[in-house]
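based on what follows, work out the 3D shape:
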Amino acid sequence: MKLAFRILPVLAILAWASEASAQNVGINETGANPNASAMLDVAANNKGILIPRLNRAQKFLINNPADGLLIYQTDDTVGFWYYEKNKWVPVMRSVTAGKGLVGGYIQGNGSIDMQVTGVAPGTYGRINEYPVFTVNDLGQLTFAGVQQIVDKDSTNELQTISISNDTLYLSKNGGSAFLSGGWRTSGNDNIDDNTDFFGTTTNQAIRIKANDGWYGELNPKNRNVSFGDRAHIGSKGSDNIAIGRDALYSNVSGTDNIALGEYSLENLRSGSYNVSLGYQSMYNTNNSMYNVALGYRPLYTQVSGYYNVALGFYAGYYQYSASYNTAIGTYSLYYNYNGYMNSGLGYASIMYNRFGLYNTGSGSYALYTNQNGSYNTADGSFALRYVNGGDYNTAIGYSAGPTSANFDNTTAVGNGAVPTASDEIVIGNGSVTSIGGYADWSNLSDARFKNNVQENVKGLDFVLKLRPVTYTLDVHKIYEHTNPYDSTDWESKYKRESDIQTGFIAQEVEQAARETGFNFSGIDVPQGENDHYALRYGTFVVPLVKAVQEQQAQIEELKKQNEELQALVRQMMGTPQPARD
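So this is what the prediction gives:
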């Protein structure tokens, strides 16, 4: 008979079970019959069975335990224990030990141990010894010993150590070490250029150390070459050459750079295609590209910039982020900060430029003080040296150019030629006695470009007020007035002071024009305190032509009056009229 019932109070279950001791029992919540093979079949979805829980001491207090008695031990070796053959046994009783391990049947706190290999604990290898070990396929030491380097006899000679097919000879007295048939540290002879070399036969880098620190590398993988204390340490990027202490030290991804010199390109991280030669050349650059720097600290401060060339001591030293500049010469473009498209050739050329653009200075101190002026061209030592913020000035010759800092659009040609106002061209200096050529000077005179044409030129009235004079020039005063900084001297500098000149006085010409109401364009009126009066003598042709025309009209009128008087006289005297042509 099989019985099944729903869960009842514990006392009822136990009472019922005692009455049905001959039956199998099922305990569940569904009323299902117990399994036929089980004396007790317990089923639940969210509960378990608790068997007696005892500590280790309580376990041993059980009187006459039967084989198969099960408890749960709560201390020491925690877990299920059962009684078998007069002893308590944990449910897990044995494990299989792997290779190199020992162990097996486990009782209580059993263990797995490393297999003993027979190698005695200790230190192997001391002064004049080197250790010798044997390791099995499990990575275990199976033998440990030492080999003597010095044989400890009366002579204490060094031993011979065999290495593969060669022999390493350690010579105590000779102070050398070499492989038989290989390279000697003391020098080599009988070298075969076709077979002997220093290097590797695999795609591995050759690294050099000094004082146990990085001293260079030949790397076939990324084609980097370096030599020097920490030169291009880590060998990042590719196709770089670094020679000198800390050259290319910080490079991360830069390629195709050449850094020769101590600290050259030291802080470059990602720039490429730079050529830097000299002490701290391009020292601070970070991501610059396509630059060439040669000398002592050229382009030292530059962080980023492109297509710059700096050759010379401190050339382009303070340039920060500018591009397309060329500085050739000591201190050339020294203070340039962000100006671009500038070219300086010569000692201190364009030295103080900061933000000026498209300037060209050729010669020592050319454009020396310029800071913000742009589009200036200076060819000659000290040419345009006083220009600071002026634009579009051109000076050719020693010390040529205005002495004012802010003139625009001037042209000075010749030694000491000094324009004294904007939009002015000066050829030569106060000592020049002749300016000429092989053709007349041509002025623009095209009707297509002339507006407001009027015939209001003064003639005789203006010309009759002019006072032609002869005079001599005070050349000393000319230089003092136009170029007070001039200190040059030469044999004929003041020779012109004795020459007799012919002309007008500009102030008198200005007065004559004012009195006749003539707006005469032949006078250059000073535009500043260092400027001076000047006359355009060619312009005098116009009022002279007008005067001749007016004079000719008067002559024609006088001729007409004379003919009428002659006719009247002949009529009164009865003389026939002369035949006309």
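
Leu268: neighbouring residues, count only.
30 (other CB atoms under 10 Å). Any C-beta I mention is one placed from the backbone N, CA and C, and that applies to glycine too.

any idea how far it is from Gln302?
Per CB to CB, to the nearest Å, Leu268 is found 10 Å from Gln302.

overlap in contacts of the two?
Common neighbours of Leu268 and Gln302, using CB atoms under 8 Å, 6 or more residues apart in numbering, are 282, 285, 288.

between those, which has the most around it?
Top of these by neighbour count (other CB under 10 Å): Met282, with 34 neighbours.

any stretches of this structure with poor pLDDT?
Filtered on pLDDT under 70, the chain yields the residue ranges 1-22, 92-100, 103-114, 149-185, 577-581.

how about 80 then?
For the chain, applying pLDDT under 80 flags the ranges 1-23, 92-118, 120, 122-130, 133, 137-190, 196-198, 483-490, 530, 575-581.

show me it divided up by domain.
3-90, 129-179, 458-540 (automatic domain parsing).

would you mind finding the most buried of those domains?
domain 458-540 (a mean of 14; mean count of other CB atoms under 10 Å).

run the chain-centre distance for that domain.
Its chain's C-alpha centre and that of domain 458-540 lie 56 Å apart, by CA atoms, centre = their mean, to the nearest Å.

sorry, back to before: and the domains of the chain as a markdown table, adding distance to Thr117?
Shown next, in a markdown table, are the domains of the chain (distance: least, CB to CB, whole Å):
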| stretch | distance to Thr117 |
| --- | --- |
| domain 3-90 | 30 |
| domain 129-179 | 5 |
| domain 458-540 | 95 |
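
between those, which one is closest to Ala310.
Closest approach to Ala310 among the domains of the chain (CB to CB): domain 458-540, 29.4 Å.

kindly check the end-to-end length of that closest one for me.
Taking CA to CA, to the nearest Å, the first and last residues of domain 458-540 lie 11 Å apart.

surely Lys221 meets Ala205?
Yes: using CB atoms under 8 Å, Lys221 is in contact with Ala205, at 6.7 Å.

by contact count, what packs against the longest helix seen in the chain?
Counting by DSSP state H, the longest helix found in the chain is helix 541-573. The contact analysis (3 or more CB pairs under 8 Å, 6 or more residues apart in numbering; DSSP states H and E) places helix 541-573 against helix 460-463.

what are the contacting residues of the helix or strand immediately after the helix it packs on in the chain?
Per DSSP states H and E, the first helix or strand lying C-terminal to helix 460-463 is strand 469-471. For strand 469-471, contacts defined as CB under 8 Å, 6+ apart pick out 500-505.

list the neighbouring strands of strand 469-471 plus their orientation.
Sheet pairing for strand 469-471, assigned by DSSP bridges, gives strand 501-503 (antiparallel).

next up, the contacts around Ser235.
205, 217, 219, 222, 224, 226.

how close does it sit to Arg207?
Ser235 sits 9 Å away from Arg207, going by CB to CB.

and for Asn291?
29 Å.

and those two? Which one has more around it.
Neighbour comparison, Asn291 and Arg207: the larger count goes to Asn291, with 28 against 13 (by other CB under 10 Å).

now do the same contact list for that one.
So Asn291 contacts 274-276, 282, 285, 299, 302, 305-310 (CB under 8 Å, 6+ apart).

before we move on, back to that, any idea which of the domains of the chain gets closest to Ser323?
domain 458-540 (34.1 Å).

about what we covered before: what is in contact with Ser235 and Arg207 at once?
Glu217.

endpoint to endpoint, stretch 251-264 covers what distance?
Span of stretch 251-264 from end to end, CA to CA: 11 Å.

buried ones in it?
251, 254-264 (16 or more other CB atoms under 10 Å).

check those residues and tell me the two furthest apart.
Thr255 and Glu262 (22.2 Å).

now do the phi/psi pair for Lys209.
For Lys209, the backbone dihedrals (degrees, to the nearest 10) come out as phi -120, psi 150.

now do the same contact list for it.
Counting by CB under 8 Å, 6+ apart, the residues that Lys209 touches are Tyr215.

mind checking how far it is from Ser186?
20 Å.

and if you look at Leu473?
Taking CB to CB, one finds Leu473 at 84 Å from Ser186.

quick one: the helices in the stretch 401-550 of the chain, in order.
Using DSSP state H, counting those that start in this stretch, the helices of the stretch 401-550 of the chain run over residues 460-463, 475-482, 506-515, 541-573.

quick one: which of those helices is nearest Ile51?
Here helix 475-482 is closest among the helices of the stretch 401-550 of the chain (CB to CB), at 121.5 Å.

for Thr403, which non-adjacent residue is closest in space?
Tyr386 (5.1 Å; CB to CB, 6 or more residues apart in numbering).

need the three-state assignment for that neighbour.
Following DSSP: H, G, I helix; E, B strand; the rest coil, the label given to Tyr386 is coil.

and what of the one 5 residues further on?
Of the three states, Asp391 takes coil according to three-state DSSP.

for it, give me its contacts.
Contacts of Asp391 by CB under 8 Å, 6+ apart are 373-376, 408-409.

just the buried residues from those residues, in PyMOL please.
In PyMOL, a selection of the buried entries from the contacts of Asp391 looks like this (16+ other CB under 10 Å):
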select buried, resi 373+374+375+376+408
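
make TSV out of the contacts of Asp391 and add distance to Tyr72.
Putting these into TSV (distance: CB to CB, whole Å) gives the following:
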residue	distance to Tyr72
Gly373	98
Ser374	95
Tyr375	99
Asn376	101
Asp408	105
Asn409	107
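
just the contacts of Asp391 now: which is nearest Tyr334?
Using CB to CB, these come closest to Tyr334 at Gly373, 16.3 Å.

quickly note the distance from that closest one to Gln204.
Taking CB to CB, one finds Gly373 at 57 Å from Gln204.

quick one: the strands in the stretch 201-350 of the chain?
206-210, 213-219, 224-227, 241-243, 258-260, 275-277, 292-294, 309-311, 326-328, 343-345 (DSSP state E, counting those that start in this stretch).

surely Leu544 is in contact with Leu464?
No: in this structure Leu544 lies outside contact range of Leu464 using CB under 8 Å: 11.5 Å.
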